[in-house]
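> could you look at this predicted model? Sequence included:
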Amino acid sequence: MTSSQEWGAQLTTHLIEAGVEAEEAHKLAGDFLAEAQDAGQDPVGLYGPAMAYASTIAQTIRTATAAIAPLDRVRGPVVLRLSRVTKRYRRRTVLRGVDLTLRGGEVAAVVGANGSGKSTLLNICAGATRATSGTVERAPRVGYAPQQHGVSPLLTAAEHFRLFGAVHGMNGRKSLAIGTHLSQQLGWRPRPDVIAAHLSGGTQQKLNVVLSELNRPDLILLDEPYQGFDQDSYLDFWDQVFKWRDAGAGVLVVTHLLHDLERVDHLLELPRVDES
Amino acid sequence: MTLLTVAVTSLRELSRRRVALLFVFVLPLVFYLVRIDVPWQALRFLALGVGWAIATLALFSHVAARRLDQRLSVIGASPTALFFGRQLAIISTGLVVAGIYFVLVAVTQDVPRLPAVALLLVTTVLIAAPLGAVVSLVVPRELEGALALLSIMALQLLVDPDGTAAKLLPLWSTRELSAYAIEPVGATYLHQGLAHFAITLVVCILIAWAASILRLRPVRLDAPDEYQDATPLNTHDAGPDGANGRLRV
Amino acid sequence: MEQMRQQWLHGFLDLCLLSLLAERRDYGRGLAERLAAAGFDEVPGGTLYPSLLRLEKQGLVRTEWEPSTSGPRRKYYELTSEGRDAVVERTQGWEGFRAAMDAVTAFEWASTGERSS
């Protein structure tokens, strides 16, 4: 195999891994090789290393097919309302008087230092934890991605899709199809023989995120889901958040990163509450 | 159905824990061989070994699944389906173990009432699975739970079987049933053993089931008033599910 | 300095390519040469071709393979009607932007009393 062909093969492989359909990946690789040949240059000299180029191309395809002009956003009905939510553990007040009204078509970011109760707030929104006082109202169809232990290390991605799909009333084939499609939107092609424990941290989190949107919920709750993401995946994630928003869901993201927060609709900053 | 999917998924998870499965298969053998010279004891110890192994499997299985189960129940899975699904997987595994050991006993021993051996092993499995679940729900940490189980099993072995205290222990029926299998005793042993088994089974299942509902059931949250009055938004592409949601995404 | 110019061009590369194609259809290497001739620094293939791919995916540009005189086949890019609309729209946007840039940078020059023509 010549170095050009090798470059082409690597490009194809990495494109497929990044979620591009095999047929298109082969076509693209062939086209790029032909253009390089026409330019009289080595592919690696013209485009750069195959893997990095594949990453760029895959991202270009993903973002290009998004709408060019932002849609006029429709703010839907309220999908989450917190009124004076307080959470106390014995003597410690973790949350004090939190208010938030989130509508469909909006994004809320919850920020704060470690220990400021962000994850607790998310659990209260989900219904996993009961607030000490205050009211919580939320839409029934919710997606929930906790920070840790939200997936089973011994199951493959496909088995996760089937399990979560069954809870949503989907049959196995449908949940598998939807799960795979949603994974591709995050630039990942799940392999059938790899259990979650053997996925990289970033890929595990992608699985986590996909599981939270499997049934197209009205409210999506995410807890710092991009730890371990590389820069491209981080951008893809936020693209996904805004896609959910544009499709009418309300999204709540707990994060400690203050980057990229200009585009969110609500910014909830939780102060570090001292022991009372 | 969620319950069946949970069961199948749990079985897959269990099958990937090779070392645990090895333990589950080998421990009862050790117990059996240690007392092989006294058939009645050997049988009883075999049953206790099976019981302990399956209960430990159940304990760890439920503990390991706690966070995942919580996530599933938040999105709408019924705690009952989660509990019984996992139990089904554990019991199925236990029945396979029971089957293997039944064959072993049939081949290595001359037992007057062979069907009683099957009964003995099956009842042990059926108690062990919810017993492990009870311990996992009351003591939600692996080490502490394993120690609790160990204590129960130790008591089971050491307490004078004829005393009333012994009847409070979950696997007392093993003594009765193994005696019935080996020795030419009357049917009272059978009946007493089965009665104890039935009561223990029901108690263990009820406690474990209730505890899992309490632990897993999400806080009931009402939808905001405006949400209920909403008219569905148009979607850009047809949603994959046909479920009736107020708001289509 | 060169890196900053690279970044600036990155933001406008799509518009440049669309404008060049509005003039006439061309192939990848040809577009690169025309950019260089216009005064831009050399655009690496790893940046140029993804931009062209993006324009194609967005339906602003269509592609055609032609057997070329010097041997290997060559991929030609051509504007679609949406592409023509986009050129008009984005050029207007650019002109507004450039006016604003000129206003701001001109002001700074004036205040220091230095201005290169």
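Everything's here; your move.
> how far away is the spatially most central residue of chain C from chain B?
Note on chain C: the residue nearest the mean C-alpha position is C:C16, at 1.6 Å, using Cα atoms, centre = their mean. When distances are taken as Cβ to the nearest Cβ, to the nearest Å, C:C16 and chain B turn out to be 32 Å apart. Any C-beta I mention is one placed from the backbone N, CA and C, and that applies to glycine too.
> do A:H198 as well
A:H198 sits at a distance of 11 Å from chain B (criterion: Cβ to the nearest Cβ).
> count the neighbours of the residue lying closest to A:A39 once chain neighbours are set aside for me.
If the residues on either side of it in the chain are set aside, A:A39 comes closest to C:R29, at 4.8 Å by Cβ to Cβ, 6 or more residues apart in numbering or on different chains. Using other Cβ atoms under 10 Å in any protein chain shown, C:R29 has 19 other residues around it.
> and the helix or strand C:R29 falls within, what's buried?
Mapping C:R29 onto the secondary structure by DSSP states H and E places it in helix C:28-38. By neighbour count on 16 or more other Cβ atoms under 10 Å in any protein chain shown, the buried set for helix C:28-38 is C:G28, C:R29, C:G30, C:L31, C:A32, C:R34, C:L35.
> do the same with stretch B:159-171
Of the residues in stretch B:159-171, those buried under the neighbour-count criterion (16+ other Cβ under 10 Å) are B:P161, B:A166, B:L169, B:P170, B:L171.
> would you map the helices across chain C?
Applying DSSP state H to chain C gives helices spanning C:2-23, C:28-38, C:45-57, C:81-112.
> for chain B, same thing?
According to DSSP H, chain B carries its helices in the segments B:2-15, B:18-34, B:39-64, B:66-74, B:79-108, B:114-138, B:142-158, B:172-182, B:187-216, B:225-228.
> kindly export the first one (C-alpha atoms) in PDB.
As requested, C-alpha coordinates have been extracted for helix B:2-15 and formatted as PDB (Å, rounded to 0.1, in the frame of the first residue of the first chain):
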ATOM      1  CA  THR B   2     -39.400  -3.600  31.700                       C
ATOM      2  CA  LEU B   3     -39.200  -6.500  34.100                       C
ATOM      3  CA  LEU B   4     -38.000  -9.000  31.600                       C
ATOM      4  CA  THR B   5     -35.500  -6.600  30.000                       C
ATOM      5  CA  VAL B   6     -34.100  -5.900  33.400                       C
ATOM      6  CA  ALA B   7     -33.800  -9.600  34.100                       C
ATOM      7  CA  VAL B   8     -32.100 -10.300  30.800                       C
ATOM      8  CA  THR B   9     -29.800  -7.300  31.200                       C
ATOM      9  CA  SER B  10     -28.900  -8.400  34.800                       C
ATOM     10  CA  LEU B  11     -28.100 -11.900  33.600                       C
ATOM     11  CA  ARG B  12     -25.700 -10.400  31.000                       C
ATOM     12  CA  GLU B  13     -24.100  -8.300  33.700                       C
ATOM     13  CA  LEU B  14     -23.800 -11.300  36.000                       C
ATOM     14  CA  SER B  15     -22.300 -13.400  33.200                       C
END
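> which outside residues touch that helix?
When contacts are defined by Cβ atoms under 8 Å, 6 or more residues apart in numbering or on different chains, helix B:2-15 is touched by residues A:152, A:154-155, A:159, A:162-163, A:166-167, B:20-21, B:57, B:61, B:65, B:77-78, B:80-82, B:84-86, B:88-90, B:92-93.
> what's the angle from it to helix B:79-108?
Following axes from the mean of the first three to the mean of the last three Cα atoms, to 10 degrees, one obtains 50 degrees for the angle between helix B:2-15 and helix B:79-108.
> repeat for the second one
Here helix B:18-34 runs at 40 degrees with respect to helix B:79-108, directions being taken by the same axes, to 10 degrees.
> now for helix B:18-34, which elements pack on it?
For helix B:18-34, the packing partners by 3 or more Cβ pairs under 8 Å, 6 or more residues apart in numbering or on different chains; DSSP states H and E come out as helix B:2-15, helix B:39-64, helix B:79-108.
> single out the most deeply packed of the ones you listed.
Comparing the helices and strands packed on helix B:18-34 by mean neighbour count (mean count of other Cβ atoms under 10 Å in any protein chain shown), helix B:39-64 ranks first with a mean of 25.
> okay, the helices and strands packed on helix B:18-34 in TSV with mean pLDDT next?
Listed next are the helices and strands packed on helix B:18-34 as TSV, based on pLDDT from 0 to 100:
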stretch	mean pLDDT
helix B:2-15	93
helix B:39-64	90
helix B:79-108	94
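> as CSV, those helices with distance to A:A52 would be great.
Shown next, in CSV, are the helices and strands packed on helix B:18-34 (distance: least, Cβ to Cβ, whole Å):
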stretch, distance to A:A52
helix B:2-15, 37
helix B:39-64, 39
helix B:79-108, 44
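> ok so, going back, remind me what the helix holding C:R29 packs against, helices and strands.
In terms of contacts (3+ Cβ pairs under 8 Å, 6+ apart), helix C:28-38 is packed against helix A:22-39, helix C:2-23, helix C:45-57, strand C:73-79.
> low pLDDT regions in chain B?
By pLDDT under 70, the low-scoring segments of chain B are B:226-249.
> what's the spacing between the residue nearest the centre of it and B:L221?
With distances taken as Cα atoms, centre = their mean, the residue of chain B nearest its centroid is B:A129 (1.3 Å). Remark: distance between B:A129 and B:L221 (Cβ to Cβ, to the nearest Å) = 33 Å.
> so which bits of the lowest-mean-pLDDT helix or strand in chain C are buried?
When the helices and strands of chain C are scored by mean pLDDT, DSSP states H and E, helix C:81-112 comes last with a mean of 85. The neighbour-count check on helix C:81-112 (16+ other Cβ under 10 Å) flags C:G83, C:A86, C:V87, C:R90 as buried.
> and of these, the nearest to chain A?
Using Cβ to the nearest Cβ, C:A86 comes nearest to chain A of the buried residues of helix C:81-112, at 8.4 Å.
> and the closest one, how close does it get to C:L21?
11 Å.
> can you check A:V74 too?
According to Cβ to Cβ, A:V74 and C:L21 sit 36 Å apart.
> look at those two and report which has more neighbours.
Here A:V74 and C:L21 are compared on neighbour count by other Cβ under 10 Å; more neighbours surround C:L21, at 23 against 12.
> thought the more buried one was touching C:E78?
Yes: taking Cβ atoms under 8 Å as the definition, C:L21 is a contact partner of C:E78 at 6.6 Å.
> common neighbours of those two, please.
C:V61.
> quick revisit: among the helices of chain B, which comes closest to A:G143?
Ranking the helices of chain B by proximity to A:G143 (Cβ to Cβ) places helix B:66-74 first, at 9.5 Å.
> who's in contact with the closest one?
Applying Cβ under 8 Å, 6+ apart, the set of residues contacting helix B:66-74 from outside is A:126-128, A:142, A:144, A:146, A:148-152, A:163-164, A:167, B:77, B:79, B:82, B:140, B:215-218.
> what is the orientation angle of that helix with helix B:187-216?
Here helix B:66-74 points in a direction 70 degrees away from that of helix B:187-216 (the same axes, to 10 degrees).
> for helix B:66-74, list the C-alpha coordinates in PDB.
Listed next in PDB are the C-alpha coordinates belonging to helix B:66-74 (Å, rounded to 0.1, in the frame of the first residue of the first chain):
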ATOM      1  CA  ARG B  66     -28.300   1.100  43.000                       C
ATOM      2  CA  ARG B  67     -27.300   4.300  41.100                       C
ATOM      3  CA  LEU B  68     -28.400   2.900  37.800                       C
ATOM      4  CA  ASP B  69     -31.700   1.800  39.300                       C
ATOM      5  CA  GLN B  70     -32.200   5.200  40.700                       C
ATOM      6  CA  ARG B  71     -31.600   6.800  37.300                       C
ATOM      7  CA  LEU B  72     -34.000   4.400  35.700                       C
ATOM      8  CA  SER B  73     -36.700   5.000  38.300                       C
ATOM      9  CA  VAL B  74     -36.300   8.800  37.800                       C
END
